[in-house]
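>>> just to be clear, the model below is a prediction. Sequence and coordinates:
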Amino acid sequence: MQRVLWAVGGVLLAVSCARPATVVTLERDGRQRSVRSERGDGPGYRLEVALTPGGSAQDIEVTYACIDRLVQPYLLGSEGLRAERSEASGMAVFTVPECAGRTLVYNVSEPSGCELLEKRLGQIQAVVSNCQRQKSYQELSDTVATLSKLRTELTEDKEKAKAEADGRLKAMDEELALREKEKQEFISMATPAALAELKKTQALVATLSLARSEFSKKAKRTEDEYVRSLTDLGAQISEAQTARDALCRSQVEERDRLAAEKRECGGPGPRVLRLGALVTGEHRKTAWYRVDGLDVKSGTPLLTHQGDFPVLLKGDELYVQVVDRDPGRIPRPFGLQVTLTEAAEPNPAPLRPVYDAATKAFKCSPCPAPEPPATRLPYTDVILPADRELRGGNVPDVGITYPVDGDDGEKSEPVTVVRSVLPQVRSLYRFNLSAGMALSSLDEVKYSRKTLTADDPDTADVHEGAYQTVKTGNTFQIQPLVAFTVYWLPMDIQETFAWTDLLPSPTIGFGLLSPLDNLYLGFSHEFVRNLQLVWGLHLGKVTHLLDKDADALELRSADAPKTVQAFEAGLFGSIQFNFNFFARMFGK
């Protein structure tokens with residue numbers, strides 16, 4: 001039984017000390033899709049690269065180097081080690097062992113370079129052609145062609161009708177101008193015959209003006225009908241085109257992206273897709289941000305947070321990492337501003353949380369996918385150290401800056417492109433004090449004399465009294481206990497409950513009524529925050545008869561039996577409350 005207990009304790013200790021692996025998932029072109037921590041076979045790093053249809057893990061290569069100082073990603077040469085490669089579920093998986101240094105630099109590349117890119121372009125072109133030969137695609141294409149032909153004919157009719165209307169309106173305008181000229185001549189003659197002709201001309205001008213107005217309105221109505229018909233046809237064509245293009249959109253976008261990459265591809269040598277890096281170490285925490293493009297107006301990078309914010313503990317080193325930076329489009333360096341605000345730490349008494357608040361509060365689902373730009377330069381990571389000491393209760397406010405030129409061409413000034421408030425830094429606790437009631441297996445008894453036969457006072461020379469030694473009390477003890485517990489591992493009181501909390505913590509306690517006479521040695525389990533189950537060995541003083549045989553001979557004496565106290569060992573159990581529980585209970 002003892003061996004089993006030691007084995008269970010060893011397993012719990014090993015599980016509690018195990019560190020999770022960092023998993024980085026990349027798109028086929030080298031862009032970072034996600035980053036996460038995952039408990040598995042042990043600490044280390046895993047790079048997952050999505051494969052295209054028909055692709056193989058042999059088309060990609062990952063080299064790495066473990067550096068004992070903080071460095072930015074760079075192109076590895078002969079110092080680079082090849083990562084172990086495998087393939088699973090459409091992913092090329094590369095495993096890198098745990099790095100004892102400070103930075104893990106890695107390169108993702110295609111050994112065959114542009115040849116593989118050209119091969120992939122041919123494959124996706126064949127996929128696009130097959131997709132466009134589908135019956136549904138052809139039917140929609142025929143619909144688009146028919147509607148487009150009808151729109152062309154209707155446009156020609158519209159232009160022809162407009163030309164005829166414009167010609168007739170021009171003739172009417174010329175006729176009106178001629179009649180206006182005759183009016184002026186008749187007015188200048190000022191003869192009776194001229195005045196009679198003037199009246200006729202005025203009547204004719206009025207008739208022509210009315211006819212022109214009616215014809216202009218009719219021509220406008222006709223043109224509006226053509227416009228409405230063309231608008232309806234345009235909507236039908238657009239709808240048919242959208243339905244047709246949706247059938248092969250993903251394949252066409254992949255083809256266009258590969259075609260752009262092929263135009264930018266250099267030569268037949270290895271093609272580097274990504275220059276990446278990871279900050280290593282248990283107490284070095286990273287907040288991740290991804291470049292999703294450039295702002296059209298200001299030219300500043302658009303950054304979005306990636307993954308979950310790190311759980312920051314007292315004494316941790318904070319880093320901010322920007323991924324998917326294209327040096328050709330974003331040539332200037334990023335900056336980092338960090339502000340630490342003091343705040344009171346929460347105490348999740350009486351219960352520990354059952355979910356991770358940092359993860360739930362800052363996770364985006366689904367996260368927006370960036371548009372893939374055509375690029376020849378490899379995507380590059382940027383590591384920005386905070387260089388600030390994190391203390392328990394601090395709330396880090398991080399802002400990533402990028403220099404932008406002023407409107408008048410003056411020196412560039414850093415502009416904050418993204419700002420985030422990280423979860424509060426958590427303190428770690430190595431011990432606690434608690435109080436409760438202990439139940440012990442040790443006896444709690446007293447000895448006294450009981451009179452069996454009273455002495456006759458009339459017979460002074462003879463003692464007739466008879467007495468019996470009586471033991472009273474309990475076969476157990478209950479007394480208040482103050483205990484001091486030391487955690488094997490520093491305790492994060494805001495962490496969710498895990499099986500590692502079953503690991504017992506060594507505890508020493510003293511009885512409040514008689515501290516020097518009662519010592520408790522054992523272990524505690526804190527299943528619920530501020531509430532502990534303590535068990536172990538009780539070393540306490542127990543009352544005994546000094547001499548049982550002598551006491552038996554003194555049954556004629558009414559004197560109290562002679563006793564002595566001696567230390568004995570027994571088992572105990574106790575329910576304890578941490579002292580901060582009492583402080584919160586009575587402090588309000």
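Cool, the structure landed.
>>> I figured residue 187 was touching residue 198, is that so?
Yes - with the criterion set as Cβ atoms under 8 Å, residue 187 and residue 198 qualify as a contacting pair; they are 6.4 Å apart. Heads up, the C-betas are built off the backbone N, CA and C, glycines and all.
>>> okay, these two: which has more neighbours?
Per other Cβ atoms under 10 Å, whichever of residue 187 and residue 198 has more neighbours is residue 198, with 18 against 12.
>>> the more buried one reaches residue 183, doesn't it?
Yes - taking Cβ under 8 Å as the definition, residue 198 is a contact partner of residue 183 at 6.3 Å.
>>> just after the helix or strand hosting residue 196, pick out the following helix or strand.
Element membership of residue 196 [criterion: DSSP states H and E] is helix 192-264. With elements assigned by DSSP H and E, the helix or strand that comes after helix 192-264 is strand 271-279.
>>> helices or strands up against that following strand?
Packing contacts for strand 271-279, counted by 3 or more Cβ pairs under 8 Å, 6 or more residues apart in numbering; DSSP states H and E, involve strand 21-26, strand 103-110, helix 114-132, strand 317-325, strand 379-385.
>>> in a markdown table: these, plus mean neighbour count.
Below are the helices and strands packed on strand 271-279 laid out as a markdown table (neighbours: other Cβ atoms under 10 Å):
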| stretch | mean neighbour count |
| --- | --- |
| strand 21-26 | 21 |
| strand 103-110 | 23 |
| helix 114-132 | 16 |
| strand 317-325 | 23 |
| strand 379-385 | 21 |
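>>> export the ones you listed to TSV and tack on distance to residue 154 and mean pLDDT?
Shown next, in TSV, are the helices and strands packed on strand 271-279 (distance: least, Cβ to Cβ, whole Å; pLDDT from 0 to 100):
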stretch	distance to residue 154	mean pLDDT
strand 21-26	51	91
strand 103-110	51	92
helix 114-132	28	83
strand 317-325	48	94
strand 379-385	49	93
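>>> quick one: which of those is nearest residue 95?
Between residue 95 and the helices and strands packed on strand 271-279, the shortest separation by Cβ to Cβ is 8.9 Å, and it involves strand 21-26.
>>> contacts for the very next helix or strand once past that closest one?
Remark: after strand 21-26, the chain's next helix or strand is strand 32-38, criterion DSSP H and E. Strand 32-38 is contacted from outside by 20-27, 46, 50, 274, 276, 288, 290, 306-308, 323-324, 367, 379, using Cβ atoms under 8 Å, 6 or more residues apart in numbering.
>>> so where's the stretch 101-250 of the chain uncertain?
Within the stretch 101-250 of the chain, the ranges that satisfy pLDDT under 70 run 113.
>>> can you give me the strands for the stretch 51-200 of the chain?
61-67, 81-82, 84-88, 91-96, 103-110 (DSSP state E, counting those that start in this stretch).
>>> quick one: furthest residue from the center of the protein?
The C-alpha centroid of the chain is most remote from residue 192, which lies 99.2 Å away (Cα atoms, centre = their mean).
>>> roughly how far does it sit from residue 199?
11 Å (Cβ to Cβ, to the nearest Å).
>>> what do you get for residue 243?
Distance, residue 243 to residue 199, by Cβ to Cβ: 67 Å.
>>> the residue nearest the centre of the chain in helix, strand or coil?
Centroid-nearest residue in the chain, with Cα atoms, centre = their mean: residue 308, separated by 2.1 Å. Per DSSP: H, G, I helix; E, B strand; the rest coil, the secondary structure class of residue 308 is coil.
>>> and the gap between it and residue 392?
Applying Cβ to Cβ to residue 308 and residue 392 gives a distance of 20 Å.
>>> got it, and residue 444?
Residue 444 is 44 Å from residue 392, by Cβ to Cβ.
>>> do residue 278 as well
Counting by Cβ to Cβ, the gap from residue 278 to residue 392 is 26 Å.
>>> residues contacting residue 574?
436-439, 481, 483, 509, 520, 533-535.
>>> which residues does it form beta bridges with?
residue 438, residue 534 (DSSP bridges).
>>> and residue 278 and residue 392? Which one has more around it.
Using other Cβ under 10 Å as the criterion, residue 278 and residue 392 rank with residue 278 on top: 23 against 16.
>>> and residue 243 and residue 199? Which one has more around it.
residue 243 (15 against 10).
>>> nearest residue to that one in space, please, no chain neighbours.
residue 140 (5.6 Å; Cβ to Cβ, 6 or more residues apart in numbering).
>>> surely that neighbour touches residue 246?
No - if you go by Cβ under 8 Å, residue 140 and residue 246 don't touch, sitting 9.5 Å apart.
>>> neighbour-wise, which of these two wins?
Of the pair residue 140 and residue 246, residue 140 is the one with more neighbours under other Cβ under 10 Å, namely 20 against 10.
>>> now the contacts of residue 574 as a markdown table including distance to residue 167?
Shown next, in a markdown table, are these (distance: Cβ to Cβ, whole Å):
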| residue | distance to residue 167 |
| --- | --- |
| 436 | 107 |
| 437 | 110 |
| 438 | 113 |
| 439 | 113 |
| 481 | 111 |
| 483 | 107 |
| 509 | 111 |
| 520 | 113 |
| 533 | 102 |
| 534 | 106 |
| 535 | 108 |
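>>> kindly state the domain boundaries assigned to this protein.
130-264, 287-314+328-371+388-427, 429-586 (automatic domain parsing).
>>> out of those domains, which is closest to residue 103?
domain 287-314+328-371+388-427 (15.4 Å).
>>> related to what we said a few turns ago, of all the helices and strands packed on strand 271-279, which one is nearest residue 227?
Of all the helices and strands packed on strand 271-279, helix 114-132 sits nearest to residue 227, with 32.9 Å by Cβ to Cβ.
>>> between the closest one and strand 103-110, how big is the angle?
Interaxial angle, helix 114-132 versus strand 103-110 (axes from the mean of the first three to the mean of the last three Cα atoms, to 10 degrees): 60 degrees.
>>> what helices or strands is helix 114-132 leaning on?
With 3+ Cβ pairs under 8 Å, 6+ apart as the test, helix 114-132 has helix 135-189, helix 192-264, strand 271-279 packed against it.
>>> in a markdown table: the ones you listed, plus distance to residue 575.
Converted to a markdown table, the helices and strands packed on helix 114-132 look like this (distance: least, Cβ to Cβ, whole Å):
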| stretch | distance to residue 575 |
| --- | --- |
| helix 135-189 | 71 |
| helix 192-264 | 61 |
| strand 271-279 | 44 |
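>>> so which of those is the most packed in?
strand 271-279 (a mean of 23; mean count of other Cβ atoms under 10 Å).
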